[in-house]
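[1] no sequence on this one, just coordinates:
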């Protein structure tokens, strides 16, 4: 994959494992741990989705984001004989980069966002792109009528950056990670800001 001057039509395939978390408090959701020699986080649940990119302009920040509609393929859900393959009706993944560049100073470029819906409801996602082109995101399903169900990518990105970024003396933004440990990712809208765990 290559982020070639914002051209459309670049194929993106994303596959791996996922783990569930029942915490209503987003600040309590830690980064999944992966073994040093393991390709994925240990889990019986796998996913494999793909889509084709199209640039989307973020007018609020004048940054160009790739939008990838990840509705081809699906993910495991259930246990044993009850396990079935499910898919999202809508899952738009937004990225500044399509490959890891190793640039840790421009952390904002490594953020990944998602907006979508399926049989279980509307959801928003926040995460990052890391070495090896690994994408890790946390997905929050939202109840009907939640104000976040109306958010677009500009609103989601703005809210996340407001909570996790601080401006350093050299003008660069320093981000508090993981990016999903914020009030906007709590189970209920309007909860107090997340209290981050000490790193």
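    It's in. On a predicted model such as this, the values are computed, not experimentally measured, just so you know.
[2] from here on, contacts and neighbour counts on C-alpha atoms
    Will do.
[3] For the residue lying closest to residue 168 once chain neighbours are set aside, the count of nearby residues, please.
    Computed as C-alpha to C-alpha, 6 or more residues apart in numbering, the closest residue to residue 168 that is not its neighbour in sequence is residue 174, at 6.6 Å. Other residues within reach of residue 174, judged by other C-alpha atoms under 10 Å, total 16.
[4] From residue 162, how far out is the residue nearest to residue 188 when sequence neighbours are not counted?
    Spatial nearest neighbour of residue 188, excluding adjacent residues (C-alpha to C-alpha, 6+ apart): residue 24 at 7.6 Å. Relative to residue 162, residue 24 is positioned 21 Å away (criterion: C-alpha to C-alpha, to the nearest Å).
[5] in the protein, which spans are strands?
    Counting by DSSP state E, the chain has these strands, from start to end: 11-17, 46-58, 63-69, 72-77, 84-86, 90-95, 111-118, 121-130, 134-142, 165-167, 173-175.
[6] Turn those strands into JSON lines, columns for distance to residue 30.
    Rendered in JSON lines, the data for the strands of the chain read as follows (distance: least, C-alpha to C-alpha, whole Å):
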{"stretch": "strand 11-17", "distance to residue 30": "16"}
{"stretch": "strand 46-58", "distance to residue 30": "19"}
{"stretch": "strand 63-69", "distance to residue 30": "26"}
{"stretch": "strand 72-77", "distance to residue 30": "21"}
{"stretch": "strand 84-86", "distance to residue 30": "25"}
{"stretch": "strand 90-95", "distance to residue 30": "21"}
{"stretch": "strand 111-118", "distance to residue 30": "17"}
{"stretch": "strand 121-130", "distance to residue 30": "12"}
{"stretch": "strand 134-142", "distance to residue 30": "10"}
{"stretch": "strand 165-167", "distance to residue 30": "19"}
{"stretch": "strand 173-175", "distance to residue 30": "16"}
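[7] which residues does the closest residue to residue 111 other than its chain neighbours contact?
    For residue 111, ignoring the flanking residues on the chain, the nearest one in space by C-alpha to C-alpha, 6+ apart is residue 128 at 4.4 Å. Contacts of residue 128 were listed using C-alpha atoms under 8 Å, 6 or more residues apart in numbering, and they are 110-112, 135-137, 179.
[8] Any idea how far stretch 113-125 is from the middle of the chain?
    11 Å (C-alpha atoms, centre = their mean, to the nearest Å).
[9] nope, stretch 74-84 is what I meant
    The gap between the average C-alpha position of stretch 74-84 and the chain average comes to 22 Å, counting by C-alpha atoms, centre = their mean.
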